[in-house]
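1. I'll drop the sequence and a predicted model, then ask my questions.
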Amino acid sequence: MKALRTGIAALSMILTVMAFAVTGASASGINLKYANFPPAPTFPCVQMERWVKEVAARTNGAVTVTTYPGSTLLDAKNMMRGVMTGQADIGCISLAYHPGVFPLMSVMELPQGFTSAEGASRALWDLYAKHQPAELSKFKVLTMFSSAPSQFMAKKPIRTLDDLKGVELRGAGSLSAVLEKLGAVPVSMPMPEVPEAVQKGIIQGLLTSFDVLKDMKFAEMCKYETVANLSVYPFAVIMNKKKWDSLPDDVKKVLDDLSAEQAQWTGQYMDNHVKESLEWSKATYQVEVYSFDAAVQAEIARLTAPLFDSWKETATKAGVDTQAVLDDVAALKAKYDR
Ligand code: 3IO
């Protein structure tokens, strides 16, 4: 009997050693909590689930991640603090929800004229990787990506700039500043609060990318869509610094190797999904899709130009070399945005 027990003990030790060898990780059974603010069907959560699957596959199951979509662990406003304090190990933030917090990276919230989420997401990641801005230095940034260009979704047709005058529309951060420049009444709130605000009539519509027509069912309430190709919304996936530091080197390498690829994957997914969402919205709710003509687009460019000056002023005060950053954005846009 004693021999048998010793045998079992020895066998289990051997199996444990083998498990380490197979995973290649110096510690097996790492579990991370990943918090996200919008509902599960939306693109920030779709990219989260893709990332989790890739991480599990690339670490041979050594790293598992529990996901908390739909503000079930942290909501949009608490996300940064919650990751800082370790309530979640990883969190997803929309930079525009935190005005003044990202003096450098908010350059990507300006109407830079990106035409795709893929181009903007790749530019965003490269810009971050090159500048490693102080504003994000308290976190490990795992990846960044952006929405597709922003469009209007409203209860009433928006075909001219006059149609925007005095109309309450929802944006966030610099996108609210765009609304203000165009004569609308900007109302800022995170995405999860928008459906109820439209329903209650607090706002007449919103400014963001068309994916939400389907994923958050805005097609049902906002039947009038206007293509304006305004700014993208940049996002960052942030990790608690201490938790990052505690990871074995081979796991760190897997996560670092995934960053740029995840940005591109998410951008591609978003660009395809916007098309799908529009087709679904036309077929299901007969939404009308109008595009501003060239004259209106030129007027929008003129009216929003001062936003670049405001960004420069604020960023300069924060110690950012604004000309270098703007030059980088232009070069990255030329490189990646088709
Ligand atoms: C967005 C945020 C959450 C869920 C789906 C989304 N599609 C585009 C965005 C961009 C954004 O942060 C916003 O609030 O419009």
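-> Received, thanks.
2. now check stretch 137-151, is it near the ligand?
-> Yes - counting by Cβ under 6 Å from any ligand atom, the ligand is contacted by stretch 137-151 at residue 147. All C-beta spots, glycine's among them, are computed from the backbone N, C-alpha and C.
3. same deal with stretch 233-246?
-> Yes - for stretch 233-246 and the ligand, the contact criterion (Cβ under 6 Å from any ligand atom) is met by residue 233.
4. tell me the mean pLDDT for that stretch?
-> Average pLDDT, stretch 233-246: 98.
5. how long is that stretch end to end?
-> Start-to-end span of stretch 233-246 (Cα to Cα, to the nearest Å) is 31 Å.
6. What of stretch 179-196?
-> 20 Å.
7. Distance from that stretch to the middle of the chain?
-> Here stretch 179-196 shows a centroid-to-chain-centroid distance of 18 Å under the convention Cα atoms, centre = their mean, to the nearest Å.
8. Residues of the stretch 51-200 of the chain that sit close to the ligand?
-> Residues of the stretch 51-200 of the chain lying near the ligand by Cβ under 6 Å from any ligand atom: 94, 147, 172, 191.
9. quick one: residue 120 from residue 96, how far?
-> Using Cβ to Cβ, to the nearest Å, we find residue 120 at a distance of 13 Å from residue 96.
10. so what sits against both of those two?
-> residue 234 (Cβ atoms under 8 Å, 6 or more residues apart in numbering).
11. Looking at the two, which is more packed in?
-> residue 120 (33 against 26; other Cβ atoms under 10 Å).
12. so is that one in a helix, a strand, or just coil?
-> helix (DSSP: H, G, I helix; E, B strand; the rest coil).
13. Same check on residue 226?
-> Following three-state DSSP, the label given to residue 226 is strand.
14. What of the one 3 residues further on?
-> Of the three states, residue 229 takes strand according to three-state DSSP.
15. which ones are touching the nearest residue to it once chain neighbours are set aside?
-> Nearest residue to residue 229, sequence neighbours excluded (Cβ to Cβ, 6 or more residues apart in numbering): residue 149, at 4.3 Å. Going by Cβ under 8 Å, 6+ apart, residue 149 touches 114-117, 120, 209, 229-232.
16. again with residue 192
-> By Cβ under 8 Å, 6+ apart, the neighbours of residue 192 are 37-39, 70-71, 75-76.
17. Now do residue 49 against the ligand, distance only.
-> Going from residue 49 to the ligand by Cβ to the nearest ligand atom, to the nearest Å gives 14 Å.
18. Oh, that last question was meant for residue 208, not what I typed.
-> Noted for residue 208: a distance of 3 Å to the ligand, by Cβ to the nearest ligand atom.
19. State the number of residues packed around that residue.
-> Residues near residue 208, counting by other Cβ under 10 Å: 28.
20. Also the one 3 residues further on?
-> Counted with other Cβ under 10 Å, the neighbours of residue 211 add up to 26.
21. again with residue 60
-> 14.
22. Check residue 100 too.
-> Residue 100: 10 surrounding residues under other Cβ under 10 Å.
23. Pretty sure it sits in a strand.
-> No - Residue 100: not assigned to a strand; according to three-state DSSP it is coil.
24. What separation is there between the closest residue to it other than its chain neighbours and the ligand?
-> Distance criterion Cβ to Cβ, 6+ apart; nearest residue to residue 100, sequence neighbours excluded, is residue 314 at 7.4 Å. Here the distance between residue 314 and the ligand works out to 20 Å (Cβ to the nearest ligand atom).
25. for residue 80, same thing?
-> Residue 80 is 14 Å from the ligand, by Cβ to the nearest ligand atom.
26. Give me the three-state assignment for residue 33.
-> Assigned with three-state DSSP, residue 33 falls in the strand class.
27. now swap in the one 5 residues further on and tell me
-> Under the three-state scheme (three-state DSSP), residue 38 adopts coil.
28. Now do the contacts for it.
-> Per Cβ under 8 Å, 6+ apart, neighbours of residue 38: 44-45, 69-71, 76, 191-192, 216.
29. run the last query once more with 10 Å
-> 44-45, 69-71, 75-76, 92, 94, 190-192, 194, 212, 215-216 (Cβ atoms under 10 Å, 6 or more residues apart in numbering).
30. ditto for residue 228
-> 111, 149-152, 158, 164, 178, 182, 207, 290-292, 296-297, 300.
31. buried subset of those?
-> 111, 149-152, 158, 164, 178, 182, 207, 290, 292, 300 (16 or more other Cβ atoms under 10 Å).
32. ok, which stretches of the protein are strands?
-> 30-35, 63-68, 90-94, 139-146, 150-154, 168-171, 185-188, 205-208, 224-230, 234-240, 288-291 (DSSP state E).
33. just how off-centre is the third one within its chain?
-> Strand 90-94 sits 8 Å away from the centroid of its parent chain (Cα atoms, centre = their mean).
34. Direction included, what does it pair up with?
-> strand 30-35 (parallel), strand 234-240 (antiparallel) (DSSP bridges).
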